[in-house]
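Undergrad: Build me a model from this:
(one chain, ligands or ions: 1)
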Amino acid sequence: MADVRHRLGKFSEISLGQFKKYEVDGRAVMVLNMDGQPKAYLDKCPHMGGQMRFDGKRLKCNLHGALFDAETGMGKSPPVEEGAKLTPVKLVLEGDDLFCDLPEAPTFTWSDEL
Ligand code: FES
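TA: Coordinates of the predicted model:
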């Protein structure tokens, strides 16, 4: 499955230590401004799919409160199981324009034959 490039917006719109969320092909992408460098994850907790927030250093799940290392995406506290991590999203910064590469969204075909 090929990656598809999507334009997100201007990186300068995200202040240092802040984050912004985008919807890309029906998937939520969270871009962090960490030390002046962008970093992105799918906004979906590996526990039960909760949305995340960023406090400038860590990510925290809004649903059950699990903490994640913002640099690596690794889970740091229950109820996330050891070794679980957020899904990283590949970013490209061209000037001030942010792009992300996501795999094509899965498509389903129906068959009338049973
Ligand atoms: S859904 Fe994130 S900790 Fe449960």
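
Undergrad: For residue 5, report the pLDDT, please.
TA: The per-residue pLDDT reported for residue 5 equals 90.

Undergrad: for the helix or strand encompassing it, packing partners?
TA: Using DSSP states H and E, residue 5 sits within strand 3-10. Packing partners of strand 3-10 (3 or more C-beta pairs under 8 Å, 6 or more residues apart in numbering; DSSP states H and E): strand 19-24, strand 97-103. C-beta coordinates here come from the backbone N, C-alpha and C atoms, glycine included.

Undergrad: if you set the cut-off to 6 Å instead, what comes out?
TA: Contact here means 3 or more C-beta pairs under 6 Å, 6 or more residues apart in numbering; DSSP states H and E; on that basis strand 3-10 packs against strand 97-103.

Undergrad: Show me the contact partners of the strand it packs on.
TA: Defining contact as C-beta atoms under 6 Å, 6 or more residues apart in numbering, one finds that strand 97-103 is touched by 1, 3, 5-9, 11, 24, 29, 89-92.

Undergrad: What remains of those residues if I keep only buried residues?
TA: 6, 8, 11, 24, 29, 89, 91 (16 or more other C-beta atoms under 10 Å).

Undergrad: nearest to the ligand, of these?
TA: Lowest distance from the ligand to those (C-beta to the nearest ligand atom) belongs to residue 29, with 17.0 Å.

Undergrad: residue contacts, that closest one?
TA: So, once contact is read as C-beta under 6 Å, 6+ apart, residue 29 ends up touching 22, 40, 89, 100.

Undergrad: I'm done for today, thanks for sticking with me.
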